[in-house]
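In: Fold the following and give me the result.
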Amino acid sequence: MTNFTYYDNIPNAPNDPSQDQPKMEVNTNSTDLILAEDHVSFNLNNGGWHKLIHMIPQAKSIVANTAAGQFYTSTSTTNFGTDNQLWYKSTSTAAGSPGEQITGNNAAANNGWAFFSGIIVQWGSASVAAGIAGQDVAFTPNFPNNAFVVNITPQTVTAAGQSYQANIVDKTKFHITQFNNSNATKNFYWVAIGN
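Out: Below you'll find the model as predicted:
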């Protein structure tokens, strides 16, 4: 990140204005540059609006502000990996306690998860071998607390009379059952919601 130069106490009353002018120019330019880092800058439509927000990771136990809620990022390590996540600390959050984790994700191409304010969504693909009535499929990783619902979709068209069902076993896995067993391996996409 850029380090913007700024001179404090400029202009200085005892100084000749020409002596302070170069530092005043640096200060004026730095004000415009630091604003433009994350905002639309001066003399442009939507001036002052955010373009994006850069957030330096903070400790989870930031000091509560009784006047306003605070968004911040903090490094989180769970069984869902280590990453900088978005957190929110309300005015009523106890001092020294972490805020509420808002988001997180590990969006791999075919298997992944996302975290939204306490709810975790996982997705992936699985296969049930030919002639097997059913089998377990592991959540990767396990839900920390509960698995609420799972839904499966066959990747190919099923034959007439064939049907499939998914049932949650626990927070670590679900079970796919085939009815009117197929003589071919079936591939499925799955989506699960938990916390």
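In: switch to C-alpha atoms for all contacts and neighbour counts from now on
Out: Will do.
In: and residue 74, how many residues sit next to it?
Out: By other C-alpha atoms under 10 Å, 20 other residues sit near residue 74.
In: so residue 67 makes contact with residue 89?
Out: No - using C-alpha atoms under 8 Å as the test, residue 67 is too far from residue 89 to be in contact (11.6 Å).
In: Where do the helices of this structure begin and end?
Out: With DSSP state H, the ranges of helices along the chain come out as 17-38.
In: who has more neighbours, residue 67 and residue 89?
Out: It is residue 89, of residue 67 and residue 89, that has more neighbours when counted by other C-alpha under 10 Å, with 24 against 9.
In: Show the residue spans covered by the strands in the protein.
Out: 70-78, 81-89, 100-101, 103-107, 112-116, 119-128, 134-138, 147-154, 163-170, 173-179, 186-194 (DSSP state E).
In: Could you export these as TSV, including distance to residue 7?
Out: Shown next, in TSV, are the strands of the chain (distance: least, C-alpha to C-alpha, whole Å):
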stretch	distance to residue 7
strand 70-78	29
strand 81-89	33
strand 100-101	38
strand 103-107	39
strand 112-116	43
strand 119-128	47
strand 134-138	59
strand 147-154	56
strand 163-170	61
strand 173-179	60
strand 186-194	52
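In: need the ones you listed in a markdown table with distance to residue 63 and mean pLDDT, can you?
Out: As requested, the strands of the chain are exported to a markdown table (distance: least, C-alpha to C-alpha, whole Å; pLDDT from 0 to 100):
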| stretch | distance to residue 63 | mean pLDDT |
| --- | --- | --- |
| strand 70-78 | 10 | 80 |
| strand 81-89 | 9 | 77 |
| strand 100-101 | 14 | 70 |
| strand 103-107 | 21 | 63 |
| strand 112-116 | 23 | 77 |
| strand 119-128 | 25 | 88 |
| strand 134-138 | 39 | 89 |
| strand 147-154 | 33 | 93 |
| strand 163-170 | 37 | 89 |
| strand 173-179 | 39 | 86 |
| strand 186-194 | 30 | 91 |
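In: List just the one of those that sits closest to residue 13.
Out: Residue 13 sits nearest to strand 70-78 of all the strands of the chain, at 38.6 Å, using C-alpha to C-alpha.
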